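Trainee: Need the 3D shape of this:
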Amino acid sequence: MQTERMLKMGMVGGGPDAFIGAVHRKAARMDGAIAIAAGVFSRNRKKSQDTGRTLFLPPDRVYESYEELAEKERKLPEGTRIDLVAVVTPNDSHFPIAKKMLESGFHVMCEKPMTFTAGEARELKKIVEASGKVFALMHNYTGYPMVKLARDLVRGGELGEIRKIVVQYPQGWLASPVEKSGSVQAAWRTDPARSGAAGAIGDIGTHGENLSEYITGLRITHVCADISTFVRGRRLDDDGNVLLRFDNGAKGLLHVSQVAIGEENNLAIWIYGTKKGLEWHQEHPNTLAVMEPDGPVRIYRRGNPYIGKLSPAAARATRLPFGHPEGFIEAFANVYSNFAATIYAQMAGKKPEKAALDFPSVNDGLRGMLFIETVLASAKSTEKWTSMLS
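Mentor: Numbering: from 1, shown residues only. Take a look at the predicted model:
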């Protein structure tokens, strides 16, 4: 990517008590196209300034609010002011921050779920379209090379017509009420005022929804959901089982849990067609298994030359030779890399190449919010199937 200068990034959130903000910063800087230039990292001024010092930011570029960040940065000359903003706060503030940044002329990278409600998601889509700015949603699992290979195999007809999709995401970290014992990450994720109407369904269920649609190109049309809150006193769901119907007639199953003791981040997906099936596990991301009806399982390994012949997108998302594992942060970085390439194209007045547009967008964010609200409605309904409206 030939460029005249690095992009400058601001960040809202990601202070010393956060997890995902540091991952964003490491990923954004991985390919040398983005530098952290400003931010407001916490509501607590001291924590925000402390984070700024660890990032070697001048004190006057560490702001007290996202409004101040937007207003002061926009007045700086081009090349000095930030070009984009990463929104890595809890869910309740995604919408107002993204709205302010877009309307102030900045590109936006936003954590998921995109907004607090589907209504906000619809409004944000209009704001993105009106702004002309690049908006990306950090569904990082789409950044894995083997996920991109799976997508290209499925959409290229390798599996035949898709019949069945099974996706799971069990975790065990909320099996006890850790939100009551000082865990900042658990506290906001189990608080409906900050997380939204859903717990596990919103936090990790949307990853399953997004992964199934990204790989297959299909859309969920109906759900039949059974969600539970197993930890006494918890106000949001911590477990869910959802039957899925897709727009081609395929059937699916999504299992998510944050009370599955012993599980870490066991996101996995199985896709079965009329010709073949495939299987991918996030905890072993460099391998993709393809099953045939009358033959051995074929194992694809990230980084081998044959991968690029099957999927240029998978090769584009690969940094290291085969045998050298790549993982979570690299997947984040792949989303940032394409996001940055699209911004650079826009700055140059050019149309982005198709490969650069391979990152989750505001449309994917809207799909996620519709999925959350449909699952919650289904869980309360006496009807077997609930339609997922667009």
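
Trainee: Could you say which helix or strand holds residue 379?
Mentor: helix 362-380 (DSSP states H and E).

Trainee: got it, and residue 94?
Mentor: With DSSP H and E as the test, residue 94 turns up in helix 94-103.

Trainee: Helix 362-380 and that helix, what's the angle between them?
Mentor: If you take axes from the mean of the first three to the mean of the last three Cα atoms, to 10 degrees, helix 94-103 sits at 160 degrees to helix 362-380.

Trainee: where exactly do the strands run in the stretch 101-250 of the chain?
Mentor: Under the criterion DSSP state E, counting those that start in this stretch, the stretch 101-250 of the chain contains strands at 107-110, 135-137, 162-170, 220-228, 239-246.

Trainee: The helix holding residue 94 packs against which elements?
Mentor: For helix 94-103, the elements it packs on are helix 66-74, strand 84-88, strand 107-110, helix 118-131, judged by 3 or more Cβ pairs under 8 Å, 6 or more residues apart in numbering; DSSP states H and E. C-beta here means a position set from N, CA and C on the backbone, and glycine is covered the same way.

Trainee: Compile these into a markdown table and extend it with columns for mean pLDDT.
Mentor: Formatted as a markdown table, these follow (pLDDT from 0 to 100):
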| stretch | mean pLDDT |
| --- | --- |
| helix 66-74 | 98 |
| strand 84-88 | 98 |
| strand 107-110 | 98 |
| helix 118-131 | 98 |
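
Trainee: Farthest from the middle of this structure: give me that residue.
Mentor: Each residue of the chain has a distance to the centre, and by Cα atoms, centre = their mean the biggest one is for residue 294: 36.5 Å.

Trainee: Could you measure from it over to residue 275?
Mentor: 11 Å (Cβ to Cβ, to the nearest Å).

Trainee: now swap in residue 100 and tell me
Mentor: Separation of residue 100 from residue 275 (Cβ to Cβ): 49 Å.

Trainee: With neighbour numbers in mind, choose between these two.
Mentor: Per other Cβ atoms under 10 Å, whichever of residue 100 and residue 275 has more neighbours is residue 100, with 21 against 12.

Trainee: residues touching the more buried one, list them.
Mentor: Neighbouring residues of residue 100 by Cβ atoms under 8 Å, 6 or more residues apart in numbering: 66-67, 70.

Trainee: Let's have those residues in a markdown table, adding distance to residue 306.
Mentor: Output for those, formatted as a markdown table (distance: Cβ to Cβ, whole Å):
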| residue | distance to residue 306 |
| --- | --- |
| 66 | 46 |
| 67 | 51 |
| 70 | 47 |
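
Trainee: now, which of those sits nearest residue 205?
Mentor: Nearest to residue 205 among these, counting by Cβ to Cβ, is residue 66 at 27.6 Å.

Trainee: Surely the closest one touches residue 41?
Mentor: No - between residue 66 and residue 41 there is no contact under Cβ atoms under 8 Å: 10.7 Å.

Trainee: Return every residue with contacts to both of those two.
Mentor: In contact with both residue 66 and residue 41: residue 12, using Cβ under 8 Å, 6+ apart.

Trainee: tell me the phi and psi of the most centrally placed residue in the chain?
Mentor: The chain has residue 139 as the residue nearest its centroid, 1.5 Å off, counting by Cα atoms, centre = their mean. Main-chain dihedrals, residue 139, degrees, to the nearest 10: phi -90, psi 90.

Trainee: so it makes contact with residue 204?
Mentor: No - Residue 139 is beyond contact range of residue 204, at 11.6 Å (criterion: Cβ under 8 Å).

Trainee: Tell me where the stretch 251-390 of the chain has helices.
Mentor: With DSSP state H, counting those that start in this stretch as the criterion, the stretch 251-390 of the chain has helices at 305-310, 312-316, 328-347, 362-380.

Trainee: Out of those, flag the one nearest residue 16.
Mentor: Nearest to residue 16, of all the helices of the stretch 251-390 of the chain, is helix 328-347, at 19.0 Å by Cβ to Cβ.

Trainee: which residues are contacting that closest one?
Mentor: 1, 3, 7, 23-24, 26-28, 30-31, 33-34, 83-84, 107, 109, 134, 136, 138-145, 285, 317, 319, 351-353, 355-360.

Trainee: and residue 59, how many neighbours does it have?
Mentor: By other Cβ under 10 Å, 8 other residues sit near residue 59.

Trainee: Over to the one 3 residues further on?
Mentor: Using other Cβ under 10 Å, residue 62 has 21 other residues around it.

Trainee: I'd say it and residue 48 touch.
Mentor: Yes - with contact defined as Cβ under 8 Å, residue 62 counts as touching residue 48 (5.8 Å).

Trainee: Mutual contacts of the two, please.
Mentor: Residues touching both residue 62 and residue 48 (Cβ under 8 Å, 6+ apart): 39-41.

Trainee: Restricted to strands, list those.
Mentor: 39-40 (DSSP state E).

Trainee: Tell me the most packed of the shared contacts of residue 62 and residue 48, by neighbour count.
Mentor: residue 39 (29 neighbours).

Trainee: Now that one: closest residue in space, sequence neighbours ignored.
Mentor: With sequence-adjacent residues excluded and distances taken as Cβ to Cβ, 6 or more residues apart in numbering, residue 39 is closest to residue 11, at 4.0 Å.

Trainee: which residues touch the one you found?
Mentor: 21, 24-25, 36, 38-41, 85-86, 88.
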